[in-house]
Structure formats: structure tokens, C-alpha cells
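>>> Mind looking at a prediction? Sequence and model below.
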Amino acid sequence: MGSIMFAIAWAAAGAVFYKVALSITSIGRYSMFAQRVVFHCLTLMGTVVEDLAFMRELKYLQSAKSGMTEEQIELIKKVDDQSLNKWKQNSINLFKSSFPGVLSNIVKFNTWDQAMKELNRLSKTI
């Protein structure tokens with residue numbers, strides 16, 4: 001009778017060990033996946049901002065050619081800067097809120113500048 005109880009205890013211990021090991025490896029795989037998602041999303045967001053900056057410069061050149069005054073162009077630049085900064089912060093906030101529970105520690109940034117530093121760091125490791 002004692003050997004049966006001993007065998008049941010070892011089977012239970014094995015099942016618990018299996019469940020714990022499976023959970024640890026799953027979290028590891030999900031973390032690696034999440035890091036790649038962060039890298040690719042930040043790359044995309046950075047590219048959008050670069051392209052937008054180029055288009056804005058074209059817009060300002062065209063505005064000057066169309067006869068707008070320097071004051072009008074500066075006002076447009078100020079509004080564009082405010083809109084872009086708001087978009088950047090909203091993007092980061094939405095991005096951070098998209099990572100639930102255990103994966104929320106993957107997103108280590110709160111501002112656009114911190115996100116771009118993280119992108120530089122990730123580009124060296126991924």
C-alpha cells in the first residue's frame with residue numbers, strides 16, 4: 001500500500017512540475033514574440049513620422065510658393081507640431097494599453113523619445 005501512495009505522490013509531483021515548466025516556457029515564448037511585435041510596431045510608427053516630416057516640408061515649400069506669408073506658414077507649422085506631438089503621445093498610450101497582464105512589462109517606455117530609444121536598443125538585439 002505504501003508503494004502505491006509513493007507512486008501517486010511522484011505522479012502528482014511530476015504533473016505539478018510539468019505544469020510549472022510549461023507555464024515558464026510559454027511566458028518565455030510569448031515574451032520573445034511580444035518583443036518582436038514591439039520592435040516592428042515601433043519601426044512602423046517611426047517610419048510614419050519620418051514620412052510625415054518629409055510631406056510636411058513639401059507642404060511648407062508649396063505654401064511659400066503659393067504666396068503665403070512667413071507668419072502664416074509658421075502658424076501652420078505650430079499647429080502641425082502640436083498635432084504630431086498629440087498623435088505621438090496617443091499612439092504610445094494606446095500601444096502600452098494593448099499589452100495585457102504578464103506582458104505589460106515588455107513595454108518599458110511612456111513617451112515618444114523613450115520609445116525611439118527602445119527601438120534603437122531593440123534593433124541591436126533582434
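Okay, I see it.
>>> Just give me the residue closest to the centre of this structure.
Centrality entry for the chain: nearest residue to the mean C-alpha point is Val38, 3.8 Å, by C-alpha atoms, centre = their mean.
>>> longest single helix anywhere in the protein?
Determined from DSSP state H, the single longest helix within the chain is helix 2-65.
>>> next one: that helix to chain centre, how far?
Using C-alpha atoms, centre = their mean, to the nearest Å, the mean C-alpha position of helix 2-65 is found 9 Å from that of the whole chain.
>>> any low-confidence regions in the chain?
1 (pLDDT under 70).
>>> do that again at 80, thanks
Residues of the chain meeting the criterion pLDDT under 80: 1-2, 27, 100-103, 126.
>>> The spatially closest residue to Phe109 that is not a sequence neighbour: neighbouring residues, count only.
Spatial nearest neighbour of Phe109, excluding adjacent residues (C-beta to C-beta, 6 or more residues apart in numbering): Ala115 at 4.4 Å. C-beta here means a position set from N, CA and C on the backbone, and glycine is covered the same way. Counted by other C-beta atoms under 10 Å, the residues lying close to Ala115 total 23.
>>> Would you confirm that Ala115 contacts Lys108?
No. Contact criterion C-beta atoms under 8 Å: Ala115 and Lys108 do not qualify, at 9.2 Å.
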